[in-house]
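A.B. asks: next comes the sequence, and after it the predicted model I'd like to discuss.
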Amino acid sequence: MAKIKGAVVVDTEECKGCNLCVVACPTQTLSLNRNVNGKGYNFSYMENPDSCIGCSNCSLVCPDSCITVYRVKTA
């Protein structure tokens, strides 16, 4: 059976660092970056990209719709 590998792309300039996506992630893939964006917010990023299962929970809870999730089947 094929496994699903996910990838999260965050629009770092639109992210407000609300932390909702980090809390919603069941595999602790996401975290807030220590760096800030142009608006002064710590933006979300994939701290553990190998653990992403592509569930899209982060995208669903994002109030600003700045997260896109991609899924790829692996052998």
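C.D. replies: Nice, thanks for sending it over.
A.B. asks: quick one: low-confidence parts of this protein?
C.D. replies: Applying pLDDT under 70 to the chain flags the ranges 1.
A.B. asks: what's the helix or strand for the nearest residue to residue 56 once chain neighbours are set aside?
C.D. replies: Nearest residue to residue 56, sequence neighbours excluded (C-beta to C-beta, 6 or more residues apart in numbering): residue 69, at 4.6 Å. (C-beta placed from N, C-alpha, C; glycine too.) Per DSSP states H and E: residue 69 is located in strand 67-74.
A.B. asks: elements contacting that strand?
C.D. replies: Contacts defined by 3 or more C-beta pairs under 8 Å, 6 or more residues apart in numbering; DSSP states H and E place strand 67-74 against strand 3-10, helix 57-61.
A.B. asks: so what are the sheet partners of that strand and their directions?
C.D. replies: Partners of strand 67-74 in the sheet, by DSSP bridges, are strand 3-10 (antiparallel).
A.B. asks: helix or strand next in line after the partner strand, which one?
C.D. replies: According to DSSP H and E, the helix or strand after strand 3-10 is helix 20-24.
A.B. asks: could you dump that next one to CSV, C-alpha only?
C.D. replies: Taking C-alpha atoms only, helix 20-24 is exported to CSV below (Å, rounded to 0.1, in the frame of the first residue of the first chain):
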residue,chain,number,x,y,z
LEU,A,20,-3.3,27.5,15.4
CYS,A,21,-1.7,25.4,12.8
VAL,A,22,1.1,24.2,15.1
VAL,A,23,-1.5,23.1,17.7
ALA,A,24,-3.7,21.4,15.0
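A.B. asks: show me the contact partners of that helix.
C.D. replies: 30-32, 44, 57-63, 67 (C-beta atoms under 8 Å, 6 or more residues apart in numbering).
A.B. asks: kindly tell me how buried the residue nearest to residue 56 is, as a neighbour count.
C.D. replies: 17 (other C-beta atoms under 10 Å).
A.B. asks: contact partners for it?
C.D. replies: By C-beta under 8 Å, 6+ apart, the neighbours of residue 69 are 6-9, 54-56, 58-59.
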